[in-house]
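# Attaching a predicted model along with its sequence, questions to come.
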Amino acid sequence: MTARDCTGRELKVGQKVAHTDNSQYRGLTVSVVKRVLPKMVELDHRAWTTVSLTRREHGYVAIVEDIQ
């Protein structure tokens, strides 16, 4: 079984995804998928000057397409 985001698209390492911030109800954060775990994805985003890792369930993230 493959990991899928809230719209049904397959999650892969290196993709940009949008997810709720740590406060869970205020705003969205864009992060990069670092690892795909069986029930969650590990996300890398910058908070101030350090690199932070966050985990979210597959269905709580949405893939963000690059616009050029």
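Sure thing, it's come through.
# contacts, neighbours, all on C-alpha from now
Noted.
# Backbone dihedrals for residue 38, please?
phi -60, psi -40 (degrees, to the nearest 10).
# Any idea what the most centrally placed residue in the chain is bridged to?
The residue lying closest to the centre of the chain (CA atoms, centre = their mean) is residue 17, at 4.3 Å. Beta-bridge pairing for residue 17 (DSSP bridges): residue 31, residue 63.
# so residue 31 makes contact with residue 44?
Yes - Residue 31 is within contact range of residue 44, at 5.5 Å (criterion: CA atoms under 8 Å).
# Pick out whichever of those two has more residues nearby.
Taking neighbours as other CA atoms under 10 Å, residue 31 and residue 44 compare with residue 31 leading, 23 against 19.
# which residues touch that one?
Contact partners of residue 31, counting by CA atoms under 8 Å, 6 or more residues apart in numbering, are 16, 17, 18, 19, 43, 44, 45.
# And residue 56, by the same measure?
Applying CA under 8 Å, 6+ apart to residue 56 gives the contacts 19, 40, 41, 42, 43.
# let's go with 10 Å and repeat that
Contacts for residue 56 were tallied using CA atoms under 10 Å, 6 or more residues apart in numbering; they are 19, 20, 37, 39, 40, 41, 42, 43.
# residues near the first one, how many?
Just to be clear, that refers to residue 19. Look at residue 19: counted by other CA under 10 Å, it has 20 neighbours.
# any idea how far the residue nearest to the centre of the chain lies from residue 65?
8 Å (CA to CA, to the nearest Å).
# thinking again about what came up before, PyMOL command for the buried members of the contacts of residue 56?
Buried members of these, identified by 16 or more other CA atoms under 10 Å, are gathered into one PyMOL selection as follows:
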select buried, resi 19+40+41+42+43
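# Which ones among the contacts of residue 56 lie within strands?
Using DSSP state E, the subset of the contacts of residue 56 located in strands is 19, 20, 40, 41, 42, 43.
# so the fourth one touches residue 54, yeah?
Read that as residue 41. Yes - Residue 41 is within contact range of residue 54, at 8.3 Å (criterion: CA atoms under 10 Å).
# joint contacts of these two?
Both residue 41 and residue 54 are contacted by 33, 34, under the criterion CA under 10 Å, 6+ apart.
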